[in-house]
Structure formats: C-alpha cells, structure tokens
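J.: Model the following, please.
(one chain, ligands or ions: 1)
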Amino acid sequence: MDAIKHGLLSLLVFLLWIKGLVDGSDVIQTSILWKHKGEDATMDCRHTKGASYFQMYWYRQLPGERMRQIVYSQSTKPEYEPGFTMEKFSATKPDADSGTFTVKNLVPEDEGLYFCAVTMCSGSYPPYFGEGTRLTVLEPDHDVTPPTVQVFKPSEKECKVKTLVCVASGFYPDHVSVSWEVDGLTETDSVATDNTALKEGKHYSLSSRLTVQSKTWFKPSKKFTCRVSFFNGTDTIPVEDSIIGETDSGGMPNDTKMKIMQNAKLTYSVLIAKSFIYGVFIMFLVWKLKGLSGKQSSRERSCGLNN
Ligand SMILES: *[C@@H]1O[C@H](CO)[C@@H](O)[C@H](O)[C@H]1NC(C)=O
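T.: The predicted model follows:
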C-alpha cells in the first residue's frame, strides 16, 4: 500500500516537474537580446511563484550543444559551475522574485539561448524554467541581411515518400525560424529543420525538409510553401518560396522511361528481323522442296520415259 502511495506521489512530483519545464508562464525572462561584440549583455528574470522560490539558476545552450548550468544564485554571492568564472558571467539576486544575469565582453561564441530557472529549496524540489533569452552577438562589419529562400523539388529516385528541401541562405545574423505549409495549412509532423545554421563567410544558411506521401506530391494543384521568419532586431520579416506538385509520370524517372522505351524499340526490331529471317528461311525451304519435287518428278518422268 505504501509502495503504491509512494509511486503515485513520485508520479505527481514528476508531472509537476514536467509542467514546470513545459509551462514557462510562471518564470518570465527577457526573450530577445541583441548586442555588439565587446559589449555586455544583461538579461532579467522574474517569477510569480512566491518568496519561497528564492534560488535562481542560469543555464545556456549553445547552437548544437546541450544545456549547461553556469551559475546558481540566492541573496548571497553567486556560485559558479566548473569552467565558468565571474570574469565572464555575473548574477545578481536583489530579492526573492527577481534576478539578473550578465555575459561580459561578448564574443560571437556567446550567441545562444540562456535559461533562468527557480527552485524553492535544495535538491528534491522541481525547478521552474523560463522560456529562454535568445542572445545575438553582432559583429561590427556585418550588415543585417534577410535570407533568400528556395524550395527544391523532391528527387525522382524517391518512391513512396517525397522529401522537399527548403534552403534559406545569405542571412545575418542567425535569427530565423522555418515553417512549412501545404495548401495554406501548417505542417508540423513531418518537418525536420537543421538545429544549427551554417556560417559561410559573413552569412548563414539553414535547411529544412518536409516529407510527404508521393501521392500528395503528385497532385498538380497542391502548393508547398516554406516560410522563413527573419528577425532583424526590430521586426520579423517573412520570406517564402513555394512549389506546385507534379503530374505523376508513372512513378518512374524520365531517363529510366527513356531507357525502357529504347530497349523496347530494340527488342521489337530484333523480333521483326528474326521473323524476317525466319520468313526467308521458310521461303528458302519451300523453294528447295519445290525444286526437289520438281527434279524428282522430272526424274520420274525420265524414268517413265526410259521404261
Ligand atoms: C527591419 O525591418 C524593418 C521593416 O522592414 C525596417 O524598417 C528596419 O529598418 C529593419 N531594420 C534593420 C536593422 O534592417
């Protein structure tokens, strides 16, 4: 009985913890922060969980990496995790409900997501997370540039499913989000977008893939749209590209069809040639037989004459 009670309690704690992780509404942080290289970036965090949640943690997630804790603070001085120092990061905690976190002397590698979490006491109490601060570090000689977007049609070699590829390129800084629409309806299930944008010179590029059933693709009226939302520091600028589904060419790539047709032509020619040769052969046989019987009858005749 106690085991069941304990199990249920653990489940409840777990569910609350998940809720705390997912629903960031109780912990509010600065959502976007754009700063230049060399500057300091200070982000705020507040919560409405009450005075007992006086412990504050700061984490960061760099592109393509997992989340790491940097510092923990309560009213006393902050405590740093190994590898993080007060020369680079600082945290303040003026009261139970709020705190700040600063990344000093910014370098491009500081760009990423920074999370604030609050807990009640130590250990077993679930932390409540904010939705993260997205820090962008601008380099001095780089102009803010929106992306160009292009959707590429699926490979002809794919059979059952078709993969459409969207490429956003030439943008700076790396602050975009990608969504797909099929006939104006947002697709979320079969979408895969790169976690990290690729840096080529001064600009970034990013790709996203949409997978659809081939029967969906082979509908000439269907419209597939890739929408990239680019944030330029003040506004979100939508940039999009679309392609229309194709007519089914028998589910076979065109060059394969061509080959098959050529093969068919060849086979047909061989057949015709064969039957022609066969015909000639038969005619020859007939002629030969006729000749034989002709000779024979003349021999018979001559024999007859001789007799
Ligand atoms: C951002 O976009 C808005 C609207 O298009 C424009 O007015 C503004 O100048 C842009 N800012 C930058 C930094 O390009």
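J.: Which strand or helix spans Val286?
T.: helix 254-306 (DSSP states H and E).
J.: ranges for the helices of the stretch 101-250 of the chain?
T.: 214-217 (DSSP state H, counting those that start in this stretch).
J.: Kindly report the residues of it close to the ligand.
T.: Neighbours of the ligand within the stretch 101-250 of the chain, by Cβ under 6 Å from any ligand atom: Val144, Asn232, Gly233, Thr234, Asp235, Ile237. Placement of C-beta: from N, CA and C, glycine included.
J.: can you tell me which of those residues are in strands?
T.: Among these, DSSP state E puts Ile237 in strands.
J.: now the residues of the stretch 101-250 of the chain next to the ligand as JSON lines including neighbour count?
T.: Formatted as JSON lines, these follow (neighbours: other Cβ atoms under 10 Å):
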{"residue": "Val144", "neighbour count": "15"}
{"residue": "Asn232", "neighbour count": "15"}
{"residue": "Gly233", "neighbour count": "11"}
{"residue": "Thr234", "neighbour count": "8"}
{"residue": "Asp235", "neighbour count": "7"}
{"residue": "Ile237", "neighbour count": "14"}
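J.: Just give the number of residues close to the closest residue to Met86 other than its chain neighbours.
T.: Nearest residue to Met86 in three dimensions, chain neighbours excluded: Tyr80, at 6.6 Å (Cβ to Cβ, 6 or more residues apart in numbering). The local packing of Tyr80 (other Cβ atoms under 10 Å) involves 18 other residues.
J.: And the residues of the stretch 101-250 of the chain next to the ligand, which is closest to Thr163?
T.: Ile237 (26.8 Å; Cβ to Cβ).
J.: Backbone dihedrals for Arg126, please?
T.: I think there's a mix-up here, since residue 126 is Pro and not Arg. phi -70, psi 140 (degrees, to the nearest 10).
J.: thinking again about what came up before, same list (the residues of the stretch 101-250 of the chain next to the ligand) but as TSV, adding pLDDT.
T.: Output for those, formatted as TSV (pLDDT from 0 to 100):
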residue	pLDDT
Val144	96
Asn232	95
Gly233	93
Thr234	94
Asp235	95
Ile237	97
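J.: and of the residues of the stretch 101-250 of the chain next to the ligand, the nearest to Phe129?
T.: After measuring those against Phe129 - Cβ to Cβ - the closest member comes out as Gly233, at 25.9 Å.
J.: ok, now which ones touch the closest one?
T.: Taking Cβ atoms under 8 Å, 6 or more residues apart in numbering, we find Gly233 in contact with Trp34, Val144.
J.: Would you list the phi and psi of it?
T.: Backbone torsions of Gly233, given as degrees, to the nearest 10, read phi 110, psi -30.
J.: Where does pLDDT dip in the stretch 151-300 of the chain?
T.: 249-279, 281-282, 284, 291-300 (pLDDT under 70).
J.: now do 80
T.: Scanning the stretch 151-300 of the chain for pLDDT under 80 picks out 249-300.
J.: cool, and the stretch 1-150 of the chain?
T.: 1-25, 75-76, 121-125.
J.: Walk me through the domains of this protein.
T.: Listed domain ranges for the chain are 2-138, 148-251 (source: automatic domain parsing).
J.: In CSV, list these along with distance to Val286.
T.: Output for the domains of the chain, formatted as CSV (distance: least, Cβ to Cβ, whole Å):
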stretch, distance to Val286
domain 2-138, 83
domain 148-251, 45
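J.: now the end-to-end length of stretch 216-223.
T.: End-to-end span of stretch 216-223 (Cα to Cα, to the nearest Å): 10 Å.
J.: That should have said stretch 27-42, apologies.
T.: Chord length of stretch 27-42, first to last residue, is 17 Å (Cα to Cα).
J.: Stretch 239-248 too?
T.: Across stretch 239-248, the terminal residues are separated by 29 Å (Cα to Cα).
J.: Distance from it to the middle of the chain?
T.: How far stretch 239-248 lies from its chain's middle: 18 Å, per Cα atoms, centre = their mean, to the nearest Å.
J.: Stretch 136-149 now?
T.: 22 Å.
J.: what's the first-to-last distance across that stretch?
T.: So stretch 136-149: terminal residues 22 Å apart, Cα to Cα.
J.: thinking again about what came up before, report the beta-bridge partners for the residue nearest to Met86.
T.: Val71 (DSSP bridges).
J.: which phi and psi does the nearest residue to Cys116 once chain neighbours are set aside have?
T.: Distance criterion Cβ to Cβ, 6+ apart; nearest residue to Cys116, sequence neighbours excluded, is Cys45 at 3.5 Å. With angles defined as degrees, to the nearest 10, Cys45 sits at phi -150, psi 130.
J.: Tell me what Cys45 is bridged to.
T.: Note on Cys45: beta-bridge partners by DSSP bridges are Gln29, Gly99.
J.: ok, it touching Gly99?
T.: Yes. Between Cys45 and Gly99 there is a contact at 5.2 Å, judged by Cβ atoms under 8 Å.
J.: With that, I have no additional questions.
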